[in-house]
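Colleague: requesting a structural model of the entry that follows:
(2 chains)
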Amino acid sequence: MVVIESLKFNNVTLKFGGITALNDISFEVKPKKLYSIIGPNGAGKTSIFNCISGIYRPTTGTVKYGDNNINELRPDEVASLGIARTFQNIELFENMTVLDNILIGCHRQLNYGPISSLLYSKKVKKNEIQARKNAEEIIDFLEIEQFRYSYIMSLPYGVQKRVELGRALAMNPDMLLLDEPAAGMNNEETEDIARFIIDIHEEMKKTIIMVDHDMNMVMDIAEEVMVLNFGEKLAEGVPAEIVKDKKVIDAYLGVS
Amino acid sequence: MIIFLQATVEGLSLAAIYSLVAIGFVLIYKAMEVLSFAQPALAVVGAGIISSLAVDRGIPFWLALFLGVILTGILGLLIERTFLRPMVGEPVFSVAVLTIGIDILLRTVLDSWIGINPKYMGDPFPTFGNFGAVNIGGVNIKYLELAALITAIILIIILSIFFRKSKYGIAMRATSYDQEAAMAQGINVGRIFGLVWMIAGILAAFAGFFITGGFNTLSQFSFISALRALPAVVIGGLDSIPGAVVGSVIIGLTQGYVAYYQLTFESFVGFSFGNGFSVVAPYIIMFVILIFKPDGLFGTEEVERV
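Modeller: Here you go, the predicted model:
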């Protein structure tokens, strides 16, 4: 059994020249939680994701995943620890089919070297069949069967968002970072995505950190919420408390 | 008719050689968006290694060929690791200029080893009669040409399956499209670049051997032949492997036909194009094609946001 780790930010500060993107941020995401980060544009939500996935290095402070200091790892090393992510602006491989995109997610599970792949050994065959099986399960789960062989660039935005979620799931991660999964979607699509996220969380038992603007969805499905403003942590707690917090209402939800 | 077939065969064998170098160009371009000018130098260095092992050291030819190819692949890997890895994120132009520097470095070292006497490659089939040829219906086909054709076809088939099916192939395509997203899937982008350079080095070494094999010999000017893969990739489109092959066929056949028909054509029009026009002709074809297809025949058209 794989032990699912918790993620910890210890006093993380991230500076770009004179701009402080994150100021002394600390929080912990316990295993199997559905944790949500909200805040206005430029609050530093995506910066937090980039610190986790190794694209940015915190100026000071550490990011820990279990015992691993992931602020010292390369993005691909973080990914192989079992942390998958999606991007705010879809970053799929548009020149490939849906199936190939999802198979890319299986890259780490395919356990063979370049030479045996040239020889197409039994092991390679077994691995590839297993990967294809996983991919089909994910395609099934996300209800994108009819797009299996379509090229990404020919697909509507909502489906692309789902494929990106599928690619992240294909890595069989323990932790999933979702950067605005419902951005730019209509109500119906948002409900679909929310349903998938709940399923992933409850049935697949994965830790999920989600950034989003759609307050209704966040308040509906998140178990814990952190509110950011200009790189500062404003509040943290269960959704019911957050909506009542005075500072949060002023900064984000609007003064009524 | 015999002359036509003879020219076609020679053209196709040149095409095979060019396509090996050209695929190396395309692979590196696809992965890093850089045209590596070091490719022809890798080809002649590969030939140099094979010659020094097979002739100077007296190692059996096949072992020397194998070692030469592998060592050139490792050289490609080392070049990527030492010179190009620190350049990640730098402007493409700087990286391209760096590859010119690598080209000069490799060739200077090689030239000082070659000296003035051309080097031989050794003979794979001594019992067949040195560097011989087979005569089919009046068409004279050198073993070397035949070997180049067969080797290139086999390598191209293996590579195209590798790129389409294996996890490395898919990872390479993903890396060339979006490095950040590829890393987020757990793909070690550095290792992919290394693999690309290694494959490019291996292909270049094969090409280098066929360019300099037999009576052709390795001299300080051999790299010019390998450089003719450059118009081939430009014609085919910098980011298309099928394009590289088609471009190479166009260049190879042009060179073959011009070599055989230049005299007839000159006496027909009444003036001379000069000696060695066949090696210039490919570049003229390149210019003509670029006028109509600036991205090459198979290249992706550049769409830039205004």
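Colleague: ok, and the closest non-adjacent residue to the residue of the stretch 151-256 of chain A at minimum distance from chain B?
Modeller: Among the residues of the stretch 151-256 of chain A, residue A:171 lies closest to chain B, at 6.3 Å counting by CB to the nearest CB. Placement of C-beta: from N, CA and C, glycine included. In space, and not counting its chain neighbours, residue A:171 is closest to residue A:84: 4.4 Å by CB to CB, 6 or more residues apart in numbering or on different chains.
Colleague: on that earlier part again, the residue of the stretch 151-256 of chain A closest to chain B touches residue B:186, doesn't it?
Modeller: Yes - contact criterion CB atoms under 8 Å: residue A:171 and residue B:186 qualify, at 6.3 Å.
Colleague: ok, the lowest-mean-pLDDT helix or strand in chain B: who's next to it in the sheet?
Modeller: Ranking every helix and strand in chain B by mean pLDDT, DSSP states H and E puts strand B:133-136 at the bottom, with a mean of 81. Take DSSP bridges as the rule and strand B:133-136 pairs in its sheet with strand B:139-142 (antiparallel).
Colleague: for the helix or strand just after the strand it pairs with, give the mean pLDDT please.
Modeller: Tracing the chain C-terminally past strand B:139-142 and defining elements by DSSP states H and E, one meets helix B:143-165 next. Across helix B:143-165, the average pLDDT comes to 89.
Colleague: next, find the distance separating residue B:55 from residue A:182.
Modeller: 68 Å (CB to CB, to the nearest Å).
Colleague: these two - which one has more neighbours?
Modeller: When residue B:55 and residue A:182 are compared for neighbours, residue A:182 comes out ahead with 24 against 16, by other CB atoms under 10 Å in any protein chain shown.
Colleague: wait, that one sits on residue A:194?
Modeller: Yes - between residue A:182 and residue A:194 there is a contact under CB under 8 Å: 7.2 Å.
Colleague: enumerate every residue touching residue 165.
Modeller: All of this is about chain A. Neighbour list for residue A:165: A:86, A:142, A:178, A:181, A:193, A:196 [criterion: CB atoms under 8 Å, 6 or more residues apart in numbering or on different chains].
Colleague: hm, I was asking about chain B
Modeller: Going by CB under 8 Å, 6+ apart, residue B:165 touches residue A:128.
Colleague: and residue A:209, what element?
Modeller: Residue A:209 belongs to strand A:207-211, assigned by DSSP H and E.
Colleague: name the residues contacting each of residue A:171 and residue B:186.
Modeller: With CB under 8 Å, 6+ apart as the test, residue A:171 and residue B:186 both reach A:79, A:107-108.
Colleague: which regions of chain B lie under the pLDDT threshold?
Modeller: B:125-131, B:302-306 (pLDDT under 70).
Colleague: can you give me the helices in it?
Modeller: B:2-32, B:39-51, B:61-79, B:92-114, B:143-165, B:167-177, B:179-184, B:189-212, B:223-227, B:229-236, B:241-269, B:277-292 (DSSP state H).
Colleague: again, but for the stretch 101-250 of chain A
Modeller: With helices called from DSSP state H, counting those that start in this stretch, the stretch 101-250 of chain A shows them at A:114-119, A:122-141, A:157-170, A:187-202, A:215-221, A:239-242, A:246-248.
Colleague: how about those, which one is nearest residue A:92?
Modeller: In terms of CB to CB, the element of the helices of the stretch 101-250 of chain A nearest to residue A:92 is helix A:157-170, at 5.6 Å.
Colleague: give me every residue that touches residue 50.
Modeller: This is for chain A. Residue A:50 is in contact with residue A:56, counting by CB under 8 Å, 6+ apart.
Colleague: other chain: chain B
Modeller: Residue B:50 is in contact with B:64-65, B:67-69, B:121-122, B:205, B:208-209, counting by CB under 8 Å, 6+ apart.
Colleague: next one: the residue nearest in space to the middle of chain A from residue A:82, what distance?
Modeller: Centroid check for chain A by CA atoms, centre = their mean gives residue A:177 as the closest residue, at 1.7 Å. Note on residue A:177: its distance to residue A:82, by CB to CB, is 11 Å.
Colleague: ok so the residue nearest to residue A:171 is a strand residue?
Modeller: Yes - Residue A:84: assigned to a strand according to DSSP: H, G, I helix; E, B strand; the rest coil.
Colleague: tell me the residues of the stretch 51-200 of chain A that contact chain B?
Modeller: Residues of the stretch 51-200 of chain A lying close to chain B (CB under 8 Å from any CB of the partner chain) are A:53-55, A:74-76, A:79-80, A:84-85, A:87, A:91-96, A:100, A:103-108, A:110, A:112, A:114, A:117-118, A:124, A:128, A:131, A:167, A:171.
Colleague: now with 6 Å, please.
Modeller: The stretch 51-200 of chain A comes close to chain B at residues A:75-76, A:79-80, A:85, A:91, A:93, A:95, A:100, A:104-105, A:107-108, A:110, A:114, A:117, as judged by CB under 6 Å from any CB of the partner chain.
Colleague: sorry, back to before: residues in contact with the least confident helix or strand of chain B?
Modeller: With CB atoms under 6 Å, 6 or more residues apart in numbering or on different chains as the test, strand B:133-136 has contacts from B:140-142.
Colleague: how about it: buried residues?
Modeller: Residues of strand B:133-136 classed as buried by neighbour count (16 or more other CB atoms under 10 Å in any protein chain shown): residue B:133.
Colleague: returning to what we had before: just the helices of the stretch 101-250 of chain A: most buried one?
Modeller: Across those, averaging neighbours per residue (mean count of other CB atoms under 10 Å in any protein chain shown) puts helix A:157-170 on top, at a mean of 23.
Colleague: helix B:167-177 and that helix, what's the angle between them?
Modeller: Per axes from the mean of the first three to the mean of the last three CA atoms, to 10 degrees, the angle that helix A:157-170 makes with helix B:167-177 is 130 degrees.
Colleague: and the angle for helix A:157-170 with helix A:187-202?
Modeller: 10 degrees.
Colleague: I figured residue A:23 hits residue A:232, correct?
Modeller: Yes - the criterion here is CB atoms under 6 Å, and residue A:23 meets it with residue A:232 at 5.3 Å.
Colleague: show me what contacts residue 207?
Modeller: Went with chain A since none was named. For residue A:207, the contacting residues are A:31-33, A:175, by CB under 6 Å, 6+ apart.
Colleague: looking at chain B here, not the other one
Modeller: Residue B:207 neighbours (CB under 6 Å, 6+ apart): B:17, B:20-21, B:43.
Colleague: swap in 8 Å and give it another go.
Modeller: Residue B:207 touches B:17-18, B:20-21, B:43, B:46, B:226, B:229, counting by CB under 8 Å, 6+ apart.
Colleague: how about the residues of chain B by chain A?
Modeller: B:158, B:162, B:165-168, B:170-171, B:173-174, B:177-178, B:180-189, B:195.
Colleague: if you set the cut-off to 10 Å instead, what comes out?
Modeller: Residues of chain B found near chain A (CB under 10 Å from any CB of the partner chain) are B:158-159, B:161-162, B:164-171, B:173-192, B:195, B:198-199, B:300.
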